[in-house]
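Engineer: Structure here, sequence nowhere to be found:
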């Protein structure tokens, strides 16, 4: 069952739409918990299975319209949603500065979307999930094919001849003096992280593979999972008493095995990704986020993605950018030190507080400096609407006042507000804010849609 929600739907309507289509109190509470804890104002998907029924919940970005209730447009909507995700991962792969995690590790899904024209890329949600799981397991196999780890084991050895280091304490206590107690050391191939990986793949087979609806794809995942198990069993001496749960996997006790080296951290992220936890270390998606091991989910902040989209659009379309912003983009800055300028709150000559002005994007060409603030919004009017329901689509004066402050702090020559969509022929319009006959400043509205 497909359930579609818009990112700007009111929270109560979201819960109502979801719970009307879910049968059990348990499922209703699960969805409510997920949305309350983490995903207000996010877009993404949440997939889970209840008995034999698959549920696919999509929170669509505002540039993708909701499909008809009869289901005839579902496939097209999902395709548009996946294209949006591909663009998101393209940007993250292109710009290393586009970080959402405290760990500087490329997400496996980003890598799987590196070649967007590849015929194996996802065409539907099921293919997307299948590709993700398959890619992750292959990466884990690649790691352990080259990983070497040894552990020295001490054992007691008794003989009438001396071959190893003598154990003095045992020999003193030994009544039979023909027996010589010795300490034997053996190097065995052992890896604690291999033990964790083995427990994780067992947990994956038991709890996650069934989220793939297609039987052929499910069997392929099972075979590659068994291949990983066999590699680990054949190459390493594993701790057979170790039993992994999701709670154990995300514990500090397990993480300490992986934190010493960057390649181990990447492996840990890969293992987490099998359970939909590739963004586990994100500052916004921290360890307190509720997770259901029998679900699959991915959520992201669309407003941050849109900033990078506009930045990328300027760099890839410099001639068009010159037409829109009146300046050729020789230097373009987003979220860098060049975007930051300090200003101060003072009492007399005493500085009370230091603040920072940081516009989203700055374009510099010789002595010209253009400031661009990017708004993940649809705007239909510059007027302040009387009705509350109309206000989200009207110009927010706080955005304009911030532009004025940034202009003064950065000594900017031109100011722009960029929106996802501008209607009523206001794209490209320039406006002036007048305080009196002598003081005014201007700004321009520009539309940059996600194509």
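Structural biologist: The structure has been received and is ready for your questions. The model shown is predicted, which means the values in this text are computed figures rather than measured ones. Numbering: from 1, shown residues only.
Engineer: Only C-alpha atoms from now on, for both contacts and neighbour counts.
Structural biologist: Noted.
Engineer: Poorly predicted segments of the stretch 201-350 of the chain, please.
Structural biologist: Where the stretch 201-350 of the chain drops to pLDDT under 70, the residues are 278-293.
Engineer: let's go with 50 and repeat that
Structural biologist: Residues of the stretch 201-350 of the chain that meet the criterion pLDDT under 50 lie in 283-290.
Engineer: same thing with the stretch 51-200 of the chain?
Structural biologist: 102, 104-105, 107, 114-117.
Engineer: what about the helices in it?
Structural biologist: 74-94, 108-112, 125-146, 168-173, 192-207 (DSSP state H, counting those that start in this stretch).
Engineer: how about those helices in JSON lines, adding mean neighbour count and distance to residue 348?
Structural biologist: Putting the helices of the stretch 51-200 of the chain into JSON lines (neighbours: other C-alpha atoms under 10 Å; distance: least, C-alpha to C-alpha, whole Å) gives the following:
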{"stretch": "helix 74-94", "mean neighbour count": "18", "distance to residue 348": "46"}
{"stretch": "helix 108-112", "mean neighbour count": "19", "distance to residue 348": "52"}
{"stretch": "helix 125-146", "mean neighbour count": "18", "distance to residue 348": "60"}
{"stretch": "helix 168-173", "mean neighbour count": "12", "distance to residue 348": "80"}
{"stretch": "helix 192-207", "mean neighbour count": "19", "distance to residue 348": "60"}
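Engineer: Distance to residue 217 added to those, as TSV?
Structural biologist: Formatted as TSV, the helices of the stretch 51-200 of the chain follow (distance: least, C-alpha to C-alpha, whole Å):
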stretch	distance to residue 217
helix 74-94	19
helix 108-112	17
helix 125-146	7
helix 168-173	59
helix 192-207	13
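Engineer: show me the contacts for residue 140.
Structural biologist: When contacts are counted by C-alpha atoms under 8 Å, 6 or more residues apart in numbering, residue 140 touches 228, 267, 270, 271.
Engineer: Among those residues, name the ones in helices.
Structural biologist: 228, 267, 270, 271 (DSSP state H).
Engineer: most neighbours, which of these?
Structural biologist: Top of the ones in helices among the contacts of residue 140 by neighbour number is residue 270, holding 26 neighbours under the definition other C-alpha atoms under 10 Å.
Engineer: leaving aside the residues next to it on the chain, what's closest to that one?
Structural biologist: Closest residue to residue 270 apart from its sequence neighbours, by C-alpha to C-alpha, 6 or more residues apart in numbering: residue 136 at 6.1 Å.
Engineer: Pull up the gap between the one you found and residue 143, please.
Structural biologist: As for residue 136, its distance to residue 143 is 11 Å (criterion: C-alpha to C-alpha, to the nearest Å).
Engineer: what does residue 89 give?
Structural biologist: Counting by C-alpha to C-alpha, the gap from residue 89 to residue 143 is 23 Å.
Engineer: sorry, back to before: possible to save the contacts of residue 140 as a markdown table with distance to residue 400?
Structural biologist: Formatted as a markdown table, these follow (distance: C-alpha to C-alpha, whole Å):
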| residue | distance to residue 400 |
| --- | --- |
| 228 | 56 |
| 267 | 46 |
| 270 | 43 |
| 271 | 45 |
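Engineer: Show residues contacting the biggest strand by length in the chain.
Structural biologist: Selection of the longest strand in the chain by residue count, based on DSSP state E, yields strand 368-379. For strand 368-379, the external contacting residues (C-alpha under 8 Å, 6+ apart) are 302-303, 306-307, 310, 325, 327, 359-364, 392-395, 403, 406-407, 411-423.
Engineer: buried set for the helix or strand following that strand?
Structural biologist: Counting by DSSP states H and E, the element after strand 368-379 in chain order, helix or strand, is helix 397-410. Judged by neighbour count (16 or more other C-alpha atoms under 10 Å), helix 397-410 contains these buried residues: 400, 403, 404, 406, 407, 409, 410.
Engineer: May I see the domains of this structure written out as residue ranges?
Structural biologist: Listed by automatic domain parsing, the domain ranges of the chain are 2-146+252-300, 150-189, 304-447.
Engineer: of all the ones you listed, which lies closest to residue 210?
Structural biologist: When the domains of the chain are compared by C-alpha to C-alpha, domain 2-146+252-300 sits nearest residue 210, at 8.1 Å.
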